[in-house]
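Asker: Requesting a structural model of the entry that follows:
(one chain, ligands or ions: 3)
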Amino acid sequence: MRAVQYLEVGEPPRVVDVDAPEPGPGQILLKVTAAGVCHSDLAVMGWPADAFPYPLPLTLGHEGAGRVEAVGADVGSVAVGDSVVVYGPWGCGTCRACSLGMENYCPRAAELGIRPPGLGRPGALAEYLLVDSERHVVPIGDLDPVRTVPLTDAGLTPYHAIKRSLPRLHAGGTAVVIGAGGLGHVGIQLLRAVSATTVVALDVREESRELALRSGAHHALPSDEGAVRTVRELTGGTGATAVFDFVGAQATVDLAAQMVGMDADITVVGIAGGVLPVSFGSPPYGTRVGTTYWGTRSELIELVELARQGAVGVHVERYGLEEGPEIYERMEAGRIQGRAVVVP
Ligand code: NAD
Ligand code: ZN
Ligand code: ZN
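Answerer: Ligands and ions are numbered 1, 2, ... in the order given. Next up, the predicted model:
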């Protein structure tokens, strides 16, 4: 089968022929119907050889959807022909975090060598994808896999961050979304779906600010010092009640710290390496600063339901598998709107 692989540190990914996998006991083989492309892969492909944590070559793609092609022994809840999306942050399945569906925070995954598809295990940018357990697929019925697959990361990651901040997302409050790309534009829709908060989007790109407004943001501003003043004005001087930073660069975590009021949440989701100093009184009293990683199993199930209700509609750009490497070039150049999805 064809697959988009990262073969050598520092080299661009290539489309190559590899053997199609076969499902062992408990496993599920998917014929991939859609695979989303995340900005995190650019960060992964920027890591140096001496600190690269995954075996190479690595089939990329950690947003996967597919039709069940075959199941291994002991798979009972999924049948051949089912249309599913893949829950990516695999955990051990039995620890306390995993038993709560929070496999994204499984403390045993690393020691057991359990890694997500596309981030250590063969990923979804291929014709077939092997899933390790029926726990890790969510049926989507007749939903369009192309528009649903980004929910597994571009939807799940902001949804998880938003759910942790629900007490700060009240009517009269103001949530700021920094970076209205793949994750951010879905995050804006989810904020509007689950809360009555005012949503302000910040982005350096005009096209992304337009997408933010189409996604339901009340305001969209260039991501600069002027935005700090505008957020202060919009909130009557009190500041934002929540900031979701989907960039995570030094410039954006600095903006987040300047925009929040007291008793607010700053959630850094982007992995661009910005550092936010925390000391008494800065950020303002009572403000919580945190990071999040992906989301939980139950949250993905809820998201699929939200999609079924029409509460979230991902803006997708479609590509073929052979165009995989080009997607990363376009993403690096800031030329993707919403989410790029490969249809093999
Ligand atoms: P993307 O490329 O689709 O979107 C990024 C957006 O940010 C673009 O609209 C871009 O114009 C905008 N942007 C860039 N610099 C900016 C700045 N200084 N100020 C404001 N906006 C700016 O990326 P994505 O796939 O949505 O990923 C977003 C980030 O989230 C990446 O860092 C990615 O690695 C990270 N991520 C984290 C998790 C997690 O679990 N924590 C999961 C998925 C992705
Ligand atoms: Zn991702
Ligand atoms: Zn676990």
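Asker: from here on, contacts and neighbour counts on C-alpha atoms
Answerer: Fine.
Asker: In terms of helix, strand or coil, where does V275 fall?
Answerer: Three-state call for V275 (DSSP: H, G, I helix; E, B strand; the rest coil): coil.
Asker: Can you report how many residues lie near it?
Answerer: 14 (other CA atoms under 10 Å).
Asker: And the helices in the stretch 101-250 of the chain?
Answerer: Secondary structure of the stretch 101-250 of the chain (DSSP state H, counting those that start in this stretch): helices located at 109-112, 145-148, 156-164, 182-194, 206-214, 225-234, 250-259.
Asker: And these: which comes nearest P325?
Answerer: Nearest of the helices of the stretch 101-250 of the chain to P325, taken as CA to CA: helix 182-194 at 17.7 Å.
Asker: touching ligand 1 at all, that closest one?
Answerer: Yes: on the criterion CA under 6 Å from any ligand atom, helix 182-194 is in touch with ligand 1 at G182, L183, G184.
Asker: What residues sit buried inside that helix?
Answerer: G182, L183, G184, H185, V186, G187, I188, Q189, L190, L191, R192 (16 or more other CA atoms under 10 Å).
Asker: Would you reformat those residues as a markdown table and include pLDDT?
Answerer: Compiled in a markdown table, the buried residues of helix 182-194 are given as follows (pLDDT from 0 to 100):
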| residue | pLDDT |
| --- | --- |
| G182 | 98 |
| L183 | 98 |
| G184 | 98 |
| H185 | 98 |
| V186 | 98 |
| G187 | 98 |
| I188 | 99 |
| Q189 | 98 |
| L190 | 98 |
| L191 | 98 |
| R192 | 98 |
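Asker: Name the residues that touch stretch 217-231?
Answerer: Applying CA atoms under 8 Å, 6 or more residues apart in numbering, the external contacts of stretch 217-231 come out as 178, 188-189, 192, 198-206, 209-210, 212-213, 239-240, 252, 255, 258-259.
Asker: Tell me who's in contact with the nearest residue to L211 once chain neighbours are set aside.
Answerer: Ranked by CA to CA, 6 or more residues apart in numbering and with sequence neighbours excluded, the top spatial neighbour of L211 is H185, at 6.8 Å. Contact analysis of H185 by CA under 8 Å, 6+ apart lists L211, A212, S215, V314, G338.
Asker: Tell me which two in those residues are the farthest apart.
Answerer: Within these, A212 and V314 form the most distant pair, 11.6 Å apart (CA to CA).
Asker: the more surrounded of these two?
Answerer: A direct count of neighbours by other CA under 10 Å for A212 and V314 places A212 higher, at 31 against 22.
Asker: contacting residues for that one?
Answerer: Counted by CA under 8 Å, 6+ apart, A212 has contacts A180, G184, H185, I188, A201, A220.
Asker: Ok, R318 next?
Answerer: V146, A340, V341, V342, V343 are the contacts of R318 under CA under 8 Å, 6+ apart.
Asker: Quickly list what the fourth one is bridged to.
Answerer: When bridges are assigned using DSSP bridges, the partners listed for V342 are A35, Y319.
Asker: V32 is in contact with that one, correct?
Answerer: No: if you go by CA atoms under 8 Å, V342 and V32 don't touch, sitting 9.5 Å apart.
Asker: Show the buried residues in the contacts of stretch 217-231.
Answerer: So, by 16+ other CA under 10 Å, the buried ones in the contacts of stretch 217-231 are 178, 188-189, 192, 198-203, 205, 209-210, 212-213, 239-240, 252, 255, 258-259.
Asker: that older thread, could you export the helices of the stretch 101-250 of the chain as JSON lines, including distance to S77?
Answerer: Output for the helices of the stretch 101-250 of the chain, formatted as JSON lines (distance: least, CA to CA, whole Å):
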{"stretch": "helix 109-112", "distance to S77": "24"}
{"stretch": "helix 145-148", "distance to S77": "20"}
{"stretch": "helix 156-164", "distance to S77": "22"}
{"stretch": "helix 182-194", "distance to S77": "29"}
{"stretch": "helix 206-214", "distance to S77": "38"}
{"stretch": "helix 225-234", "distance to S77": "48"}
{"stretch": "helix 250-259", "distance to S77": "43"}
